[in-house]
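K.L.:
I'll drop the sequence and a predicted model, then ask my questions.
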Amino acid sequence: MSDTWLAVFIVGAGAMAFKASGPVVIGRRELPTSALKLVSALAPALLAAFVVTGTFSSGRDVVLDARALGLAAAAICVMLRAPLLAGVIAAAAVTAFARAI
Amino acid sequence: MIFRPGDDPKPVGPGYAAGVRASIPLCIAVAAFGVSFGVLARKNGFGAVAPIVMSMTTFTGASQFATVSILGDGGSLGAAVVAALLLASRYVPIGLSVAPSLKGSRPERFVASQLVIDESWAVANRGDGTVDRATLVGAGIALYVSWLVGTVIGVFGGDVLGDPQDFGLDAAFPALFFVLLVSQLKSRQAIAAAVGGAVIAISLVPVSKAGVPIVAASFACLFGWWRK
């Protein structure tokens, strides 16, 4: 088997197992309140991590580039209480414009 | 669009159709990145079938890009697999947060869990530690189809479509996560977790392998936990 197919197989099986682990193992059991509080804080922690790494990192470098302007545009949309779609489109448009000039 | 940040009580109305609608702008971005994945994989000697099979089974862009980039740059199988699995390991905590909201038999929950990616999970998140299952599945299916169609287009000659970065599509994802994050910052605990997650992630970027900063950031959910 070539490295290509071995990689496709191992990474695929691993990703599927990671995704399934919580839902299949824990199942529908109700989590205790303390655990639910912990899990509810996972979302803001992970979302914030996605925001900063998706905006300010390039490989192992911390960078400030056109994406920061895109994020600022999204922030302005949030302040104006614009819809989600507007924030996403504004971020992409401003980033593309900043790269073009 | 169906929700404005700050609206109570739920960011997105429930239902499969609501999930599909909420994910449409992301489907465009995800499809474009599927195209660039297909192009890169083809260029790096993955052939036509392997990248499509990978998009069908792995269905998480970061891990797939890591695999084809590392192998394409002459890296070892071990290096490619470790990097890709580190990137995918964030689905363990994400899966834990989704688990109580999924209904049905074990096989049904397994299928639903495979539709969990960053974007579908974020769109379906209610902000109280639960997700709306129908929104998750609706968005997940729409994003899955977009990713797969994008990959197929990329593999069979997506060179003509240009670089998604030229259209700023890479900035669409952090913008989405930011808007959803703001709608969740309703308690001290949430704010502490967000600040902690951001600080942990960005500090680890220069010193760790790709994927580590995100997984480490999940520990920020402990911040403010002991406070009422």
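P.N.:
On my side now, so go ahead. Numbers count the residues shown, from 1 in each chain, chains lettered A, B, ... in the order given.
K.L.:
hey, where'd the helices end up in chain B?
P.N.:
Counting by DSSP state H, chain B has helices at residues B:16-43, B:49-57, B:61-72, B:77-88, B:91-98, B:106-114, B:118-124, B:133-155, B:172-184, B:188-204, B:212-217.
K.L.:
okay, buried residues for the first one please.
P.N.:
Looking back up the chat, that one is helix B:16-43. Burial within helix B:16-43, assessed by neighbour count using 16 or more other Cβ atoms under 10 Å in any protein chain shown, is assigned to B:16, B:18-23, B:25-42. Placement of C-beta: from N, CA and C, glycine included.
K.L.:
tell me, what residue is most central in chain B?
P.N.:
residue B:118 (2.4 Å; Cα atoms, centre = their mean).
K.L.:
please enumerate the helices of chain A.
P.N.:
Ranges of helices in chain A, per DSSP H, are A:3-20, A:33-56, A:66-79, A:84-100.
K.L.:
contacts only, for residue B:83.
P.N.:
With contacts defined as Cβ atoms under 8 Å, 6 or more residues apart in numbering or on different chains, residue B:83 is in contact with B:66, B:67, B:70, B:209, B:210, B:211.
K.L.:
just checking: which of the buried residues of helix B:16-43 also lie near chain A?
P.N.:
Filtering those for proximity to chain A by Cβ under 8 Å from any Cβ of the partner chain leaves B:22, B:25, B:26, B:29.
K.L.:
kindly reformat those as a markdown table containing pLDDT and distance to residue B:179.
P.N.:
Below are those laid out as a markdown table (pLDDT from 0 to 100; distance: Cβ to Cβ, whole Å):
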| residue | pLDDT | distance to residue B:179 |
| --- | --- | --- |
| B:22 | 82 | 11 |
| B:25 | 81 | 11 |
| B:26 | 85 | 11 |
| B:29 | 85 | 14 |
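K.L.:
which one of those is nearest to residue B:91?
P.N.:
Among those, residue B:26 lies closest to residue B:91 (Cβ to Cβ), at 17.6 Å.
K.L.:
circling back to that earlier point, identify the residues contacting the closest residue to the residue nearest to the centre of chain B other than its chain neighbours.
P.N.:
Nearest-residue entry for residue B:118: residue A:50, 6.4 Å, with adjacent residues in sequence omitted and distances by Cβ to Cβ, 6 or more residues apart in numbering or on different chains. When contacts are counted by Cβ under 8 Å, 6+ apart, residue A:50 touches B:118, B:122, B:173, B:174, B:177, B:214.
K.L.:
for residue A:12, same thing?
P.N.:
With contact set as Cβ under 8 Å, 6+ apart, residue A:12 has these partners: B:53, B:54, B:57, B:58.
K.L.:
deepest in the core, which of the helices of chain A is it.
P.N.:
The highest average neighbour count among the helices of chain A, using mean count of other Cβ atoms under 10 Å in any protein chain shown, belongs to helix A:33-56 at a mean of 23.
K.L.:
what is the rounded mean pLDDT of that one?
P.N.:
Looking at helix A:33-56 alone, the average pLDDT works out to 85.
K.L.:
now do that helix against helix B:188-204, angle only.
P.N.:
With axes from the mean of the first three to the mean of the last three Cα atoms, to 10 degrees applied, the angle from helix A:33-56 to helix B:188-204 works out at 40 degrees.
K.L.:
so, low pLDDT: which residues of the chain?
P.N.:
Picked chain A for this. Across chain A, the stretches falling below the confidence threshold (pLDDT under 70) are A:27-31.
K.L.:
actually chain B
P.N.:
Across chain B, the stretches falling below the confidence threshold (pLDDT under 70) are B:1-14, B:158-159, B:224-228.
K.L.:
next up, the contacts around the nearest residue to residue B:47 once chain neighbours are set aside.
P.N.:
On the basis of Cβ to Cβ, 6+ apart, the spatially nearest residue to residue B:47 that is not a chain neighbour turns out to be residue A:4, at 7.1 Å. Contact partners of residue A:4, counting by Cβ under 8 Å, 6+ apart, are B:45, B:46, B:47, B:50, B:71.
K.L.:
so which of the residues you listed is the most crowded?
P.N.:
Neighbour counts for these were taken using other Cβ atoms under 10 Å in any protein chain shown; the highest belongs to residue B:46, which has 27 neighbours.
K.L.:
adding distance to residue B:80, write the helices of chain A out as TSV.
P.N.:
Below are these laid out as TSV (distance: least, Cβ to Cβ, whole Å):
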stretch	distance to residue B:80
helix A:3-20	5
helix A:33-56	20
helix A:66-79	26
helix A:84-100	29
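K.L.:
and those helices: which comes nearest residue B:113?
P.N.:
helix A:3-20 (4.6 Å).
K.L.:
relative to helix B:16-43, how tilted is that closest one?
P.N.:
Our comparison of helix A:3-20 with helix B:16-43, counting by the same axes, to 10 degrees, yields an angle of 160 degrees.
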